[in-house]
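In: next input, structure requested:
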Amino acid sequence: MRYFLFFLFYFSAMAALAQPGPTPQQLAWHEMEFYLFMHFGPNTFTNLEWGHGTEKEEIFNPTGLDCEQWCRIAKASGATGIIITAKHHDGFCLWPSKYSTHTVRESKWKNGKGDVLKELSAACKKYGLRFGVYISPWDRNHPDYGTEKYNDVFVNMMKELFTNYGPIWELWWDGANGEGPNGKKQVYDWKRFEKTVRELSPNTVVFSDIGPDIRWCGNESGIAGTTNWNTLDTAGFTRGAGAPSQDTLNTGNADGKAWIPAECDVSIRPGWFWHENENSKVKTPEELFSLYLKSVGRGANLLLNVPPDRRGLIHENDSAALVGFRRLVEKSFASNISRRGTGYFNPHNGARQVSGLNDGNPRTLETIVAPDRSSMGIEFADSQRINCVVLKEYLEKGQHTRSFRLLLMTKKHELLREIKGTSIGRKRILTFPTTNVGLIGLAIDDQQGYTAITEIQAYLIDEKLLEK
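Out: You can find the predicted model right below:
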């Protein structure tokens, strides 16, 4: 009986430690951090957000289109990739698809010889950016929409994308499902769609409100939950109207069965497509920085929409805001004050110095086994003024921290400020009023599995940029 109880306890403990973890493709996605969305198509010329599908093809005519300009500005903003709306709900294809008559081939642009996807994929390769594609399953133009035949059409369109324009790093599925030109709604064959992607491009990560690889953050404001689990339960849910609640998508599920981290989408303008009357309403660099703190700073990725104008260019106002944002990020995080201190790890059997918490190496880490008897942090020989701490959790084996305390102390280890939190994830950015500290301590109060921390960074940023 003793042996039976031992093994029962052992296997129960191992089951408790077993957490879903990311695939190599998802781990690489986590490192992308920030990239651009580009809504572009007939709506750019009709001043609409959702086209009707009845727009004449000749209206699409971006005579100054320059995808290299898009990529230069993306690089200048610090973005790592671009996702383009290859087909929005109106059904217009930015490539000459064989499976539609509502495409760039029927437009005036370049006398029907143009191909936006070809130009953008080539420009992304030239500038070292990842290339992603948004393709809406809803199609308000295609005559087969609302019939089983349309699922064949959609699969064939995806085959064109992967065959002619790959590699495609992220595929973006919108869950919208409205009526087509025949007044019918489509029953999407999602299982077949997923199978098609996996067979054609197994390294592509797929976004929708329930993944399978990346989830919607539950809002279009670009803000992740202050608690943000990379795991989600999807059993019993479907894309679109049958998805989990927006609150659940925003936070994830602490004990979710699948690794489906959050992506935060938001537009640099009030609308998603370019509108001339919004040229003066572009978000400021400071507003973009605030979104960075509330998305990337909460363990999610930031997908910022920057819509090209009717020329086929990123507008000057958008470009200026993006460059200004990059400067704020670089200036704010240029000097890691933790590098001036000494890392320590304090397990139950006595403290020791460690170098892995402030060396900038994501492969060096310290692991908390017994949270009630362990802590870690950075100690300084001379007190340092800071107002921002960045925590990074090692994610290859899963996300384990359930609750933590950040302790700001004097050189005599007197507590100055305590900041409580729940999840950490890939990156957790915490800001607070400027404090003169001698020690930064991190205590893990609750965890599922063993928490591994790779970095505790500290910064002194412009106080006007602190999270409100």
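
In: distance check, the residue lying closest to residue 302 once chain neighbours are set aside against residue 115.
Out: With C-beta to C-beta, 6 or more residues apart in numbering as the criterion, residue 302 has its nearest non-adjacent residue at 4.2 Å, and that residue is residue 295. Heads up, the C-betas are built off the backbone N, CA and C, glycines and all. Plainly put, residue 295 is 32 Å away from residue 115 if you go by C-beta to C-beta, to the nearest Å.

In: who has more neighbours out of those two?
Out: Higher neighbour count among residue 295 and residue 115: residue 295, with 28 against 20, using other C-beta atoms under 10 Å.

In: state the distance from that one to residue 223.
Out: For residue 295, the distance to residue 223 equals 7 Å [C-beta to C-beta].

In: anything in contact with each of these two?
Out: 217, 264 (C-beta atoms under 8 Å, 6 or more residues apart in numbering).

In: which residues of the protein score low on pLDDT?
Out: 1-18, 348-350, 373 (pLDDT under 70).

In: swap in 80 and give it another go.
Out: 1-19, 347-351, 370-374, 468 (pLDDT under 80).

In: show me what contacts the residue nearest the centre of it?
Out: Nearest to the geometric centre of the chain sits residue 301, at 2.4 Å (C-alpha atoms, centre = their mean). By C-beta under 8 Å, 6+ apart, the contact list for residue 301 reads 29, 30, 32, 33, 34, 35, 214, 261, 262, 263, 264, 295.

In: what's the neighbour count on residue 183?
Out: Quick note: residue 183 (other C-beta under 10 Å) scores 7 neighbours.

In: sec struct for it, please.
Out: Following DSSP: H, G, I helix; E, B strand; the rest coil, the label given to residue 183 is coil.

In: who touches residue 319 in this structure?
Out: 73, 76.

In: element containing it?
Out: helix 316-332 (DSSP states H and E).

In: residue 377 against residue 438, yeah?
Out: No: taking contacts as C-beta atoms under 8 Å, residue 377 lies outside contact range of residue 438: 10.7 Å.

In: so these two - more neighbours on which side?
Out: Comparing residue 377 with residue 438 by neighbour count (other C-beta under 10 Å), the higher total belongs to residue 377, at 27 against 20.

In: now that one: how far from residue 37?
Out: Residue 377 is 38 Å from residue 37, by C-beta to C-beta.

In: repeat that for residue 64.
Out: For residue 64 relative to residue 37 (C-beta to C-beta), the value is 21 Å.

In: between these two, point out the one with more neighbours.
Out: Set residue 64 next to residue 37 and count neighbours by other C-beta under 10 Å: residue 37 wins out with 25 against 11.

In: quick one: that one is in a strand?
Out: Yes: counting by three-state DSSP, residue 37 is part of a strand.

In: setting aside sequence neighbours, what's the nearest residue to it?
Out: The nearest residue in space to residue 37 (C-beta to C-beta, 6+ apart) is residue 305, at 3.9 Å.

In: residue 195 in helix, strand or coil?
Out: The three-state label given to residue 195 by three-state DSSP is helix.

In: just give me the neighbour total for it.
Out: With other C-beta under 10 Å as criterion, residue 195 counts 12.

In: from residue 202, how far out is it?
Out: Separation of residue 195 from residue 202 (C-beta to C-beta): 11 Å.

In: again with residue 327
Out: Residue 327 is 38 Å from residue 202, by C-beta to C-beta.

In: give me the more crowded residue out of these two.
Out: residue 327 (15 against 9).

In: residues in contact with the residue found closest to that one once you drop the neighbours it is linked to in the chain?
Out: Distances taken as C-beta to C-beta, 6+ apart place residue 285 nearest to residue 327, at 7.2 Å, with adjacent residues excluded. Counting by C-beta under 8 Å, 6+ apart, residue 285 makes contact with 321, 324, 325, 327, 328.

In: could you redo the last one with a cut-off of 10 Å?
Out: Taking C-beta atoms under 10 Å, 6 or more residues apart in numbering, we find residue 285 in contact with 320, 321, 322, 323, 324, 325, 326, 327, 328, 329, 465.

In: quick one, strands of the stretch 51-200 of the chain?
Out: Along the stretch 51-200 of the chain, counting by DSSP state E, counting those that start in this stretch, strands occupy 81-87, 130-135, 170-172.

In: need the winner for burial among those strands.
Out: Sort the strands of the stretch 51-200 of the chain by mean neighbour count, taking mean count of other C-beta atoms under 10 Å, and strand 81-87 sits at the top with a mean of 26.

In: export it to CSV, keeping only CA atoms.
Out: The C-alpha coordinates for strand 81-87 follow below in CSV (Å, rounded to 0.1, in the frame of the first residue of the first chain):
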residue,chain,number,x,y,z
GLY,A,81,6.3,41.7,-40.5
ILE,A,82,3.2,42.7,-42.5
ILE,A,83,-0.2,41.0,-42.8
ILE,A,84,-2.2,42.2,-45.8
THR,A,85,-6.0,41.9,-46.4
ALA,A,86,-5.7,39.7,-49.5
LYS,A,87,-9.5,39.3,-49.6
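
In: make 52 the starting number, not 1.
Out: I'll keep to 52 as the first residue from here, and by that count the last item is strand 132-138.

In: okay, the angle between that strand and strand 181-186?
Out: When axes from the mean of the first three to the mean of the last three C-alpha atoms, to 10 degrees is applied, the directions of strand 132-138 and strand 181-186 differ by 20 degrees.

In: quick one: distance of strand 132-138 to the chain centre.
Out: The chain centroid and the centroid of strand 132-138 are separated by 14 Å, computed with C-alpha atoms, centre = their mean, to the nearest Å.

In: name the helices or strands packed onto that strand?
Out: Under the contact criterion of 3 or more C-beta pairs under 10 Å, 6 or more residues apart in numbering; DSSP states H and E, strand 132-138 touches strand 85-89, helix 118-128, helix 167-178, strand 181-186, helix 199-216, strand 221-223, strand 352-356.

In: 8 Å instead, please
Out: strand 85-89, helix 118-128, helix 167-178, strand 181-186, strand 221-223 (3 or more C-beta pairs under 8 Å, 6 or more residues apart in numbering; DSSP states H and E).

In: report the buried residues of the second one.
Out: The reference is to helix 118-128. Counting neighbours by 16 or more other C-beta atoms under 10 Å, one finds that the buried residues in helix 118-128 are 118, 120, 121, 122, 123, 124, 125, 128.

In: isn't the second one right up against residue 365?
Out: Yes: assessed by C-beta under 8 Å, residue 120 is found in contact with residue 365 at 6.4 Å.

In: one step back: nearest to residue 110, of the buried residues of helix 118-128?
Out: Comparing the buried residues of helix 118-128 against residue 110 with C-beta to C-beta places residue 118 closest, at 20.1 Å.

In: residues contacting that closest one?
Out: Counting by C-beta under 8 Å, 6+ apart, residue 118 touches 167, 170, 171, 173, 174.
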